[in-house]
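**Student:** One predicted model, sequence on top.
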Amino acid sequence: MGQTLYLECNSGISGDMAVAALLDLGADEDVLRKALDSMPVSGFGIEISRVKKAGLDVCDFNVRLDTEHENHDHDMEYLYGHKNGNGHNHGHEHHYSEETHQEHSHGHGHHRHTHEHRGLTEVQEIIRKTEISGRAEATALRIFEILAQAEAKAHGVETEDVHFHEVGAVDSIVDIVAVAVCLDDLDVTEVIVPYLCEGGGTVRCQHGILPVPVPAVANIVQMSGLSLQMTGVQGELVTPTGAAIAAAVGTGKELPERFTVLKTGMGGGKRTYERPSILRAMLIQAQEECGADEVYKLETNIDDCTGELLGYTMERLFEAGAADVSYTPLFMKKNRPAYLLTVICGRECVDTLENIIFRETTTIGIRKVKMERTILEREQETVALSAGEIKVKKCVLPDGTVRRYPEYETAARLARETGKPMQEILIQQILNN
């Protein structure tokens, strides 16, 4: 049972802000540095520090590029045509290049640099060669895929024809891999993003003056169903990488009616606007009371999908916030063997889960019904056993009786770590109860 993350994007979101907020939440810095050190990419280093934003102490994550790879397109003076901040800024990344050859020179005033270009396939290969978990790798690949699709649509080319400036690719690969590693380290399985606050006006990039939201951000919002809230701030609050992260990891928009905040992290951005550049992230836990509750049941009959596709679909549905997913064998007309896919979820997840079912299976229709259920008051606890600690779900019956049920994943992990039979761990928990 993973953690639920709430991203409060009142000042927008960028890749470095997201990494910083997750580090501030407690993601292991050593794990992150080890992962980034394994990337088959040179010319960068990272700095993790504390900075002040509007008088608040926040975490700062900075990708430092060497002289050969440095990019001056990030300066506030360049972006907006006037000084609006404090010098160099990491976090601005309009990546696409119409050049398909390997070397490209560009200059701004007295700056002139030569940069490679990388296609999506090359970027994917870099991510796959990085020493990270399978879950982190899948997250990173998904974020970059969304980013590439948005750039391809903006420039009217196929996704495989999108080429990224080396500078943009390095910044983005580092930020995206870092976000994926931190989410995995925190065991985040649900991410709530109610909306993204965005500015207005225009911003300058290699292709000229662009409106805010920039085309890549607008495309990501359109394709993913993210919600935008315009603030009136003159400037770009949401970067393409930030929008792609929100689109890839977000599993819902609605916060629980009642919840507790387990921990808060704040990540600072590099730009200076009248609205402080801070992304606040919270690990939260829903509080549920005994009583009536409404859920939705989605179901569909599938008779022409492989077992591998059905298994992958189940994983995607759980990752996107489904409360329960099951398959029931059945026979359809003409005695064709098939499966009934049943998904239980909250209203806020219906659209997302239906989209996954349509994308990942061969079904052409989904039945949907709103249902009432009675649930017990519950909360998660950590119980100390002689073999170690495990997490349990504490449930309170209407008559006040308390029951505790061990969480499978933590019990299984403890069994592997200690070498004890899992049955013995569960018996210890029952006796401890």
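**Tutor:** Thanks, I have the structure now. If you're wondering where the values come from, they're calculated on a predicted model, not measured in any experiment.
**Student:** Off-centre distance for the helix or strand hosting residue 48?
**Tutor:** Per DSSP states H and E: residue 48 is located in strand 44-53. Relative to its chain's centre, strand 44-53 lies at 21 Å (C-alpha atoms, centre = their mean, to the nearest Å).
**Student:** Surely residue 377 and residue 395 touch.
**Tutor:** Yes: judged on C-beta atoms under 8 Å, residue 377 makes contact with residue 395 at a distance of 7.1 Å. For the C-beta atoms, the positions are set from N, CA and C on the backbone; glycine is no exception.
**Student:** can you map out the strands along the stretch 301-433 of the chain?
**Tutor:** Ranges of strands in the stretch 301-433 of the chain, per DSSP state E, counting those that start in this stretch, are 324-331, 337-345, 367-375, 377-385, 388-396, 402-406.
**Student:** of all those, which gets the most neighbours per residue?
**Tutor:** strand 337-345 (a mean of 18; mean count of other C-beta atoms under 10 Å).
**Student:** Can I get that one as CSV, trimmed to CA atoms?
**Tutor:** Extracted as CSV, the C-alpha positions of strand 337-345 are listed here (Å, rounded to 0.1, in the frame of the first residue of the first chain):
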residue,chain,number,x,y,z
PRO,A,337,-14.1,-18.0,-23.6
ALA,A,338,-13.6,-14.5,-22.2
TYR,A,339,-13.0,-12.5,-19.1
LEU,A,340,-15.2,-10.0,-17.3
LEU,A,341,-13.0,-7.0,-16.2
THR,A,342,-14.4,-5.3,-13.1
VAL,A,343,-12.9,-2.1,-11.7
ILE,A,344,-14.0,-0.4,-8.5
CYS,A,345,-13.0,3.3,-8.1
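**Student:** which helix of this protein spans the most residues?
**Tutor:** helix 134-155 (DSSP state H).
**Student:** Show me what counts as buried in that helix.
**Tutor:** The neighbour-count check on helix 134-155 (16 or more other C-beta atoms under 10 Å) flags 135-154 as buried.
**Student:** in this structure, what residue sits furthest out from the centroid?
**Tutor:** Most distant residue from the mean C-alpha position of the chain: residue 334, 43.6 Å away (C-alpha atoms, centre = their mean).
**Student:** And the strands of the stretch 301-433 of the chain: which comes nearest residue 357?
**Tutor:** Closest to residue 357 of the strands of the stretch 301-433 of the chain is strand 337-345 (C-beta to C-beta; 7.0 Å).
**Student:** Centre of the chain to that closest one, how far?
**Tutor:** Centroid separation between strand 337-345 and its chain, computed with C-alpha atoms, centre = their mean, is 27 Å.
**Student:** likewise stretch 410-424?
**Tutor:** On C-alpha atoms, centre = their mean, the centre of stretch 410-424 falls 30 Å from the chain's centre.
**Student:** Give me the mean pLDDT for that stretch.
**Tutor:** Mean pLDDT, computed over stretch 410-424, is 84.
**Student:** So for it, first residue to last residue, what's the gap.
**Tutor:** For stretch 410-424, the first-to-last residue distance is 14 Å (C-alpha to C-alpha, to the nearest Å).
**Student:** List the neighbours of that stretch that are in contact with it.
**Tutor:** If you take C-beta atoms under 8 Å, 6 or more residues apart in numbering as the criterion, stretch 410-424 is touched by 385, 387-391, 425-426, 429.
**Student:** secondary structure element for residue 184?
**Tutor:** Judged by DSSP H and E, residue 184 forms part of helix 166-185.
**Student:** pLDDT (mean, whole number) over that helix?
**Tutor:** Mean predicted lDDT for helix 166-185 stands at 85.
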